[in-house]
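1. give me coordinates for this.
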Amino acid sequence: MTLPVWTLQDRIAKARNHAGLNQGELAEKLGVSRNTLNRWENGNRNPSVKNLQALAEATGVPLDWFYQEDNSEPALHPPLPERITLIRDGNGYKAEL
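-> This next block holds a predicted model:
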């Protein structure tokens, strides 16, 4: 028996769930309405490449995972912090989250 391959819509919802976000929270991080995100997850609309990049960053999922043709789980990366501050010390710069 062959399992159906996850669609882009399935992957968007799966990435959101992996990040532990509801639609409203993720939509806010992306700067889109909850209705827009809902349309992406329902397949009524497709996100732009720019929005997919933002989705990948916000959820910690690699961008290429949205385009894979198998049902593999994403190799999750921690979401990028909202802001990184560089601090100069005697040895150069270091990041402070």
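2. just the strands in this protein please.
-> For the chain, the strands defined by DSSP state E cover 85-89, 92-96.
3. hey, least reliable of those by pLDDT?
-> In terms of average pLDDT, strand 92-96 trails the rest of those, at a mean of 48.
4. pull stretch 32-42 out as CSV, backbone CA atoms only.
-> Only the C-alpha atoms of stretch 32-42 are listed here, as CSV (Å, rounded to 0.1, in the frame of the first residue of the first chain):
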residue,chain,number,x,y,z
VAL,A,32,-0.2,38.0,7.5
SER,A,33,-3.7,37.5,8.6
ARG,A,34,-4.9,34.3,10.3
ASN,A,35,-7.3,33.9,7.4
THR,A,36,-4.4,34.0,4.9
LEU,A,37,-2.5,31.3,6.8
ASN,A,38,-5.7,29.2,7.0
ARG,A,39,-6.1,29.5,3.2
TRP,A,40,-2.5,28.2,2.8
GLU,A,41,-3.2,25.3,5.1
ASN,A,42,-6.5,24.4,3.3
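5. go through that stretch and flag the buried ones.
-> By 16 or more other CB atoms under 10 Å, the buried positions in stretch 32-42 come out as 32, 36-37, 39-41. C-beta coordinates here come from the backbone N, C-alpha and C atoms, glycine included.
6. for residue 10, state which of those residues is nearest.
-> Set against residue 10, the nearest of the buried residues of stretch 32-42 by CB to CB is residue 41 (8.4 Å).
7. ok, the closest one - contacts?
-> 9, 12-13, 16, 23 (CB atoms under 8 Å, 6 or more residues apart in numbering).
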